[in-house]
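> sequence-free structure coming up:
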């Protein structure tokens, strides 16, 4: 840090509700949680969730009150809200430090550094550097030219090039280490973040990385862990199948009892009870009788009575091992269990919707999978046939085509030309976005369409590029003589830039989308306008000026989006 010369490692986690698991891992991997609370918004649901994660991990909290320079800041009210959430702030006699900050002005950052160093001193954080390293995986992905890589935080010891390592059920040898800025280094010590390559496969976020004595020892440990994880998975699967069978048996028993009562009622009527009922009631009973006979013929083969196989499934579940799994195995088992629970509560004829999920990193893939599961709950039968990281490949297309799945791609580059051609040939629907809100909106639309039975539930997003412009220069966005964001000075090259319903703006750099979202305003000669035509120059303000990552030469696209049913 510039003020003290000390080094602090920060883990930043997204605030969207879909990334709850990522926040939980972040809290567990850190020594101190910096709880960022906006002075204008106050305590939000994600604030409470992050606080719960910190308490569950027994990690101390330092509150950073942000946006304190805004006119609408409610500093004292927010402090009272924090007190009501159980945070005993220092100024009210507690031990939780709170620092007022304004990031755009740099206000309070030195005070935040001092607060963190003070908290670390109170905790007496120490770690040995002369022992085999241990670290925790906070993220994992496939990197071009490197293969599987893991972002880790070293907890103790020193991680060096060439070290044999075991991570969860995977093993390998450290081939390269990069620091948080992407620079190559030869070793990483306690508290340091590092990106490690040399693994044979992608590890699970949350796994522990340990250095062992030899490559042979690493392979042996990984194989043993893999066997235990598979035993656990099979045991969980047996439990899920047993519970599913039990619930299905209950439903069959309830259906059998309903029909038994209906038969009894019809028999009473046939034995002379018709006189006590109107013609309409008699007709209704006879119709039910005919329907019952038809159902019985259809269901003879299936059998409505509970079967003995349920007891066998229970026995198999009881015999399953209870060994502790890796986080990856436990997560997969939980997802399977949740899907089975939902399937058991839905009618058999409920619509089925299938997804193949790909994302840039494992945490994002996990978040999308959990969000899809939550969106489908109680509405449709959900099948996620694959959830992984890395770009869309031809094998992903073949899998989606074979299973009738939609391909969900989050925060990925556009598919390569050959993959794009395969997608069109196979007619696989792709839901691709870089903004989690937009992706979840489209997933919700797909589920709603499937639930409504509209054209097989197929929804797709049609796009038309209305215009594109080149960024010439970047200017500060000023309000009341204060810089609050950035404006891109652009020249329209094709079509026009428009502010209209269903329009989103993209910033494209070297073929990669670096921003997708709303355009707050278009300005010409300090005036707000609704459209700018070809060859016109204008200022573009995206997301109220909060997006400021422009570079001269970037392409700004104006895109009309609409949902169509195929």
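That came through, no problem. Computed from a predicted model, the values in this text were never measured in an experiment. Numbers count the residues shown, from 1 in each chain.

> where in the chain is pLDDT low?
Residue ranges of the chain with pLDDT under 70: 1-5, 14-28, 233, 236-237, 240, 244, 266-349, 453-462, 501, 562-566.

> residue nearest the centroid of it?
Here the mean C-alpha position of the chain is nearest to the C-alpha of residue 367 (Cα atoms, centre = their mean), at a distance of 1.4 Å.

> helices and strands around the helix ranked longest in the chain, which ones?
Longest helix in the chain by number of residues (criterion: DSSP state H): helix 215-270. Secondary-structure packing of helix 215-270 (3 or more Cβ pairs under 8 Å, 6 or more residues apart in numbering; DSSP states H and E): strand 164-167, strand 170-178, helix 279-299, helix 309-319, helix 327-345. Backbone N, C-alpha and C define where each C-beta goes, glycine included.

> domain parsing for the chain?
Under the assignment automatic domain parsing, the domains of the chain span 17-123, 134-213, 234-317, 346-457, 462-565.

> with distance to residue 225 as added columns, please give these in a markdown table.
A markdown table is the format used below for those (distance: least, Cβ to Cβ, whole Å):
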| stretch | distance to residue 225 |
| --- | --- |
| domain 17-123 | 19 |
| domain 134-213 | 5 |
| domain 234-317 | 15 |
| domain 346-457 | 18 |
| domain 462-565 | 37 |
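
> any idea how far the residue nearest to the centre of the chain is from residue 156?
Going from residue 367 to residue 156 by Cβ to Cβ, to the nearest Å gives 29 Å.

> what of residue 436?
Distance, residue 436 to residue 156, using Cβ to Cβ: 35 Å.

> strands of the stretch 451-566 of the chain, start to end?
Here the stretch 451-566 of the chain has its strands, by DSSP state E, counting those that start in this stretch, at 459-479, 482-495, 497-498, 503-509, 512-517, 519-524, 527-529, 531-532, 537-542, 555-565.

> if we can go back for a sec, where does the residue nearest to the centre of the chain land in three-state SS?
helix (DSSP: H, G, I helix; E, B strand; the rest coil).

> repeat that for residue 68.
The three-state label given to residue 68 by three-state DSSP is coil.

> in space, what's closest to it - neighbours in sequence excluded?
In space, and not counting its chain neighbours, residue 68 is closest to residue 100: 4.5 Å by Cβ to Cβ, 6 or more residues apart in numbering.

> that neighbour and residue 75 touch, don't they?
Yes. Assessed by Cβ atoms under 8 Å, residue 100 is found in contact with residue 75 at 6.6 Å.

> which of those two has more neighbours?
A side-by-side neighbour count of residue 100 and residue 75, using other Cβ atoms under 10 Å, places residue 100 first with 19 against 13.

> quick one, what contacts the more buried one?
By Cβ atoms under 8 Å, 6 or more residues apart in numbering, the contact list for residue 100 reads 39, 65, 68, 75, 107, 108, 111.

> please flag which of the residues you listed sit within strands.
Mapping the contacts of residue 100 onto strands (DSSP state E) picks out residue 65.

> now the buried members of the contacts of residue 100.
Among the contacts of residue 100, the ones that count as buried by 16 or more other Cβ atoms under 10 Å are 39, 65, 68, 108.

> let me have the residues you listed in CSV, extended by distance to residue 259.
Shown next, in CSV, are the buried ones among the contacts of residue 100 (distance: Cβ to Cβ, whole Å):
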residue, distance to residue 259
39, 63
65, 64
68, 68
108, 71
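
> look up how far residue 506 lies from residue 414.
Distance, residue 414 to residue 506, by Cβ to Cβ: 11 Å.

> phi, psi for the residue nearest to residue 68 please.
Dihedral pair for residue 100: phi -90, psi 130, per degrees, to the nearest 10.

> what does residue 82 give?
Torsion angles at residue 82 (phi, psi; degrees, to the nearest 10) stand at phi -60, psi -40.

> ok, it to residue 92 distance?
According to Cβ to Cβ, residue 82 stands 10 Å off from residue 92.

> what's the answer for residue 543, then?
Plainly put, residue 543 is 36 Å away from residue 92 if you go by Cβ to Cβ.

> do residue 164 as well
For residue 164, the distance to residue 92 - Cβ to Cβ - is 52 Å.

> between residue 82 and residue 92, which has more neighbouring residues?
residue 82 (25 against 13).

> quick one: contacts for that one?
Applying Cβ under 8 Å, 6+ apart, the residues near residue 82 are 37, 43, 63, 89, 98.

> what does residue 81 give?
In this structure, residue 81 makes contact with 42, 43, judged by Cβ under 8 Å, 6+ apart.
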